[in-house]
Each structure stands twice: as C-alpha cells, then as structure tokens.
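[1] The sequence isn't on hand, but the structure is:
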C-alpha cells in the first residue's frame, strides 16, 4: 500500500505541474495574441495591450530586434533584454522556454514569437511575453505538503482496515485451529465445527474431520492390536514358563522330562506362529499387504501343511486328511507363503478349539472354479457359537477373535477374496477361504482393506 500511495502521489504531483504549466502557456498565448492584434490595429510599436492588462508584478513583455536590442518593454523588465541576441536570432516560430529574467525574482515562463512592426519587413522583431512561475511552485509545494501529510494518514487508515478485514477473514481459521488443538487422545471422537458458509473454510473443516476420523480409526486399530497381541502372547508364555518350572521343581525321569520338553516345544511353536502373524501385520504398509504370485500346486501345498501338523494331530488324537477335487493336481497363481500361513492358522485353530472328544477328523479341501480358488478346513469339534455365525463374515476390519482369523482375512482380501464361517451339517466347524487366482506368474502388491487387530479371545469363540 505504501508503494501504491507513493506512485499515486508522484503521478498527481507530476500531473499537477504539467497542468499548471499548460495554464501558464495558454495565458501567454492569449496575451501575445492581444499584443500582436493591438500593435497591428493601432499601427504603433508601444507594448500596451490596455491599461491593467500587463501587470508589472505578474506579467511582462518586450519587443526586441533580431540583434537583441530592446524596442519596447514593460517597466518590470526594463533593466535588460529578456533574451540574449543568440536566442533572439534563432526565433522563427513561437517557442516556450524557462529563464531567469532580470527584474523578476522567480523563474519565468517565456513565449517568444516573431512579429512585424509597422512600416518594416516581416519578422523584423521578436515579441517576448512572460509570466513568473512562483504561483505554480507554491501550488506544487502545497500539493506536496498535503501528500506528505495525507499519504501516511491514508496508509495508516488502509492498513488498519486491511488488518480488520484480514482478522475477520482469518477468525474462522483461528477458531478451527483452537478446536483442533483442543482435540486430544482422551476424546478422539470430537470433531471440528463446520461453518455454514459452504466456502473453502467449510471444505477445510470437512477435510480435517475426515482426517481426524482416519486418525481415530488408526488409533483404535493400534489399541486393539496391542491388546490382542498381548493376550495371544501371554497364554503360551505362561504355559511355557509353567512347563519349565514344573520340569525343574524336582528330579524327573527321562519320560517326564521328554514330555515336558515336548510340551514346551509345542508352546514355542505356537509363539513362533504368533510372531509370524504379528510380523505380517507389521509388514503391511498403509493397508498394503505385499504378494508374490506364482504357480502353486494346491495339492502339494495342502499335503505339506497336513504333514507339518501330523505329529501335533496325533498327540491330540486327530487325523488330517487332504481331499482335493477336480483331479490330482490343482494349480493357480497365488502367493505360496501367504497361502501356507492361511492353512497353518486354520489347522492350528482346528486343533486348539475342539470339543470334549477332540477335533476328530480334520479335512483339507481345495477346488478351482470361475477364476476362484476355494480352500476349506473342516473339523469335527464343537463348531461356532450362534453369535459368531449371525455376524458378518470376518474381514480385516472386523473384530474377529484372535490374530489367526485376522491374518486369514487379511491375506484373503489381498487376493481379492473373502472368508466364510459355517457349521457343517455333519458337525464341527467349516472355514472356507475364497481367493482370486492369477493364470500367470505375477509379482504384485495388492491393496487390502485396512487391518484391524481384534479384541482378546479365542479365534472361533468356542
């Protein structure tokens, strides 16, 4: 604003000076015309356009010969020629110039033009009329003083008005800032007040509320993950410690020590599986679960999973059977590491959650149809409670019990699939995982829905 006011003041000052000079020039032209007309009409060389027309203090004039001699003059400038001979000889057309004239205190504005005296040849003399520029200088000084006084006042007034306007415009932003600063972890559900203006501030408030909702969701997922992981790890660690303390409490024979070591090893295996599940959750980057698809033999993968749990199943008085459908070999483009995690989690779930008579026969089955691969695990345990079956199928966002089904749902979602839970008509629980298969080897990173660790409890709620 200071630059604008300075430029405006300079423009006004310059324009005013030009207009004042133009007014003086018009007055000089008028006086010169009157003098020339009077000389031609009266046939005399006296520089007299009428009494009072040429004021010695305000206007003056001379008639000079081309050599600079004074023919006629007004009293105010009678002491010396107004123009030197060099300038007088060069006057062939009307010309304006600024000079200091002897007898005039202020600089003068002069108009010189060639004239013809009575009885002489054309252009036999030079008429010079002038006016002092003191009034012009005083007017410009007054204008400059007004600008120097009014400019800072105008700058102060405009700055204050701009400050008020900016404050009024930014006041809603400051209110949003204070509300955002007041939101803490103790009240994550609190949201910003959306202004009813429908402008950029309202859209900003909606955007910030959406961001706060995502942060609240992430915070709740983190809390659920910590609770679930702590609960899942606490049980095998407590059992492992109890087995070791029991083994060292008193002298044991070889058979007792081997049984204690086998029990401790089983709990260690469970801890390893839980660590792998937690590692899967930790490796998800912004909801993305990395996948490395390649041709996978489902028959071989199911057989390897059954062999890995064969000893544990024998100890639990259960059998694991692989029943692939559609031929001896079923191949699909899947991530073998993630699919192996699905099978291990479901088998561990079936062996740990059984009825009073044990899990009985556990059946692994795989089939492919319509671009989908379906892998199912059926046990003969106690099945699912009605509350679990009445709810929606488990997804990475659902609060399923335990990390096992959470990992299964996450991997299924990464393969564009889903998990379904049901009770088999023949008894026991049936878990079916549907996966979207690729026909060619692919390395991809599929975006899965955001993972949500679940509340403490057993995986099947059984």
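    Thanks, I have it. Keep in mind the model is a prediction, meaning the values are calculated, not measured.
[2] Can you say which helix or strand has residue 194 in it?
    Per DSSP states H and E, residue 194 falls between elements, in no helix or strand.
[3] Which residue, neighbours along the chain excluded, lies closest to it?
    Nearest non-adjacent residue to residue 194, counting by Cβ to Cβ, 6 or more residues apart in numbering: residue 205, 4.3 Å away. Glycine gets a C-beta too; all of them are placed from N, C-alpha and C.
[4] Look up how far residue 173 lies from that neighbour.
    10 Å (Cβ to Cβ, to the nearest Å).
[5] Likewise for residue 96?
    60 Å.
[6] Residue 348 now?
    Using Cβ to Cβ, residue 348 is found at 54 Å from residue 173.
[7] Kindly report the same for residue 137.
    From residue 137 to residue 173 the distance is 52 Å (Cβ to Cβ).
[8] higher neighbour count, residue 348 and residue 173?
    residue 348 (18 against 13; other Cβ atoms under 10 Å).
[9] now the more buried one: how far from residue 114?
    Residue 348 is 121 Å from residue 114, by Cβ to Cβ.
[10] same deal with residue 203?
    Using Cβ to Cβ, residue 203 is found at 77 Å from residue 114.
[11] Which one's more surrounded, these two?
    Using other Cβ under 10 Å, the more surrounded residue of residue 203 and residue 114 is residue 114, with 17 against 13.
[12] Wait, that one touches residue 92, no?
    Yes: using Cβ atoms under 8 Å, residue 114 makes contact with residue 92 at a distance of 6.2 Å.
[13] does residue 169 sit in a helix or strand, and which one?
    Applying DSSP H and E, one finds residue 169 within helix 134-182.
[14] Which neighbouring elements make contact with whichever helix or strand comes after that helix?
    Following helix 134-182 in sequence order, the next helix or strand is helix 200-249 (DSSP H and E). Applying 3 or more Cβ pairs under 8 Å, 6 or more residues apart in numbering; DSSP states H and E, we find helix 200-249 packed against helix 134-182, helix 254-283, helix 402-414.
[15] number of nearby residues for residue 236?
    Neighbour tally, residue 236, other Cβ under 10 Å: 19.
[16] does it really touch residue 271, like I thought?
    Yes: the criterion here is Cβ under 8 Å, and residue 236 meets it with residue 271 at 5.1 Å.
[17] Just give the nearest non-adjacent residue to residue 215, would you?
    Per Cβ to Cβ, 6+ apart, closest to residue 215 is residue 188, 7.2 Å.
[18] and that neighbour, what does it touch?
    Neighbour list for residue 188: 212, 215, 216, 219, 220 [criterion: Cβ atoms under 8 Å, 6 or more residues apart in numbering].
[19] how close does the fourth one get to residue 227?
    From residue 219 across to residue 227, the span is 13 Å (Cβ to Cβ).
[20] next one: the first one
    From residue 212 across to residue 227, the span is 22 Å (Cβ to Cβ).
[21] Who has more neighbours out of the two?
    residue 212 (17 against 14).
[22] which stretches of the stretch 51-200 of the chain have low pLDDT?
    Applying pLDDT under 70 to the stretch 51-200 of the chain picks out residues 51-57, 119-123, 185-186.
[23] Tell me how far stretch 135-155 lies from the chain's centre.
    With Cα atoms, centre = their mean, to the nearest Å as the basis, stretch 135-155 stands 47 Å off its chain's centre.
[24] Need the distance between the two termini of stretch 243-260.
    Start and end residues of stretch 243-260 are separated by 6 Å (Cα to Cα, to the nearest Å).
[25] Touching it from outside, list them.
    261, 263, 264, 267.
[26] tell me the SS of residue 427?
    Using DSSP: H, G, I helix; E, B strand; the rest coil, the structure places residue 427 in coil.
[27] mind listing what it touches?
    380, 383.
[28] how close does it sit to residue 351?
    On the measure of Cβ to Cβ, residue 427 and residue 351 end up 16 Å apart.
[29] Please apply the same query to residue 69.
    136 Å.
[30] More neighbours: these two, which one.
    Neighbour tally, residue 69 and residue 351, criterion other Cβ under 10 Å: the higher count belongs to residue 351, 20 against 12.
[31] What sits closest to that one if chain neighbours are left out?
    residue 316 (5.4 Å).
[32] Which segments of the protein make up each domain?
    2-139, 288-447 (automatic domain parsing).
[33] Go through these and pick out the most buried.
    domain 288-447 (a mean of 18; mean count of other Cβ atoms under 10 Å).
[34] Run the chain-centre distance for that one.
    Domain 288-447 sits 43 Å away from the centroid of its parent chain (Cα atoms, centre = their mean).
[35] now that domain: mean pLDDT?
    Average pLDDT, domain 288-447: 78.
[36] same check, this time on stretch 269-280
    On average, stretch 269-280 scores 74.
[37] ok, residues contacting it?
    Counting by Cβ under 8 Å, 6+ apart, stretch 269-280 makes contact with 229, 232-233, 236-237, 240, 289, 341, 344-345, 348, 403-404, 406-407, 410-411, all of which sit outside it.
[38] now do 10 Å
    Identification of contacts with stretch 269-280 by Cβ atoms under 10 Å, 6 or more residues apart in numbering yields 225, 228-229, 232-233, 235-237, 239-240, 289-290, 308-309, 312, 337-338, 341, 344-345, 348, 352, 402-404, 406-408, 410-411, 451, 453.
[39] same thing with stretch 366-375?
    Contact partners of stretch 366-375, identified using Cβ under 10 Å, 6+ apart, comprise 296-299, 301-302, 305, 322-327, 330-334, 339, 342-343, 346, 364-365, 376, 408, 412, 415-417, 420, 431-439.
[40] Quick one: end-to-end length of it, please.
    End residues of stretch 366-375 are separated by 4 Å (Cα to Cα).
[41] cool, and stretch 374-387?
    OK, stretch 374-387 end separation, Cα to Cα: 25 Å.
[42] now stretch 309-322
    Stretch 309-322 end-to-end distance (Cα to Cα) = 12 Å.
[43] so residue 367 is in which element?
    Assigned by DSSP H and E, residue 367 falls in strand 361-369.
[44] Then residue 63?
    Here residue 63 is assigned to strand 60-64, by DSSP H and E.
[45] Tell me the strands beside that strand, with direction?
    strand 70-73 (antiparallel), strand 125-132 (antiparallel) (DSSP bridges).
[46] can I get the ones you listed in TSV with distance to residue 167?
    Shown next, in TSV, are the strands paired with strand 60-64 (distance: least, Cβ to Cβ, whole Å):
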stretch	distance to residue 167
strand 70-73	69
strand 125-132	53
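[47] out of these, nearest to residue 84?
    strand 125-132 (11.4 Å; Cβ to Cβ).
[48] chain center to that closest one: distance?
    Per Cα atoms, centre = their mean, the centroid offset for strand 125-132 relative to its chain is 72 Å.
[49] quick one, phi/psi of residue 78?
    phi -70, psi -10 (degrees, to the nearest 10).
[50] Which stretches in the stretch 301-450 of the chain count as helices?
    310-315, 336-352, 386-390, 402-414 (DSSP state H, counting those that start in this stretch).
[51] For these, give me CSV that also has distance to residue 124.
    Below are these laid out as CSV (distance: least, Cβ to Cβ, whole Å):
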stretch, distance to residue 124
helix 310-315, 137
helix 336-352, 117
helix 386-390, 126
helix 402-414, 111
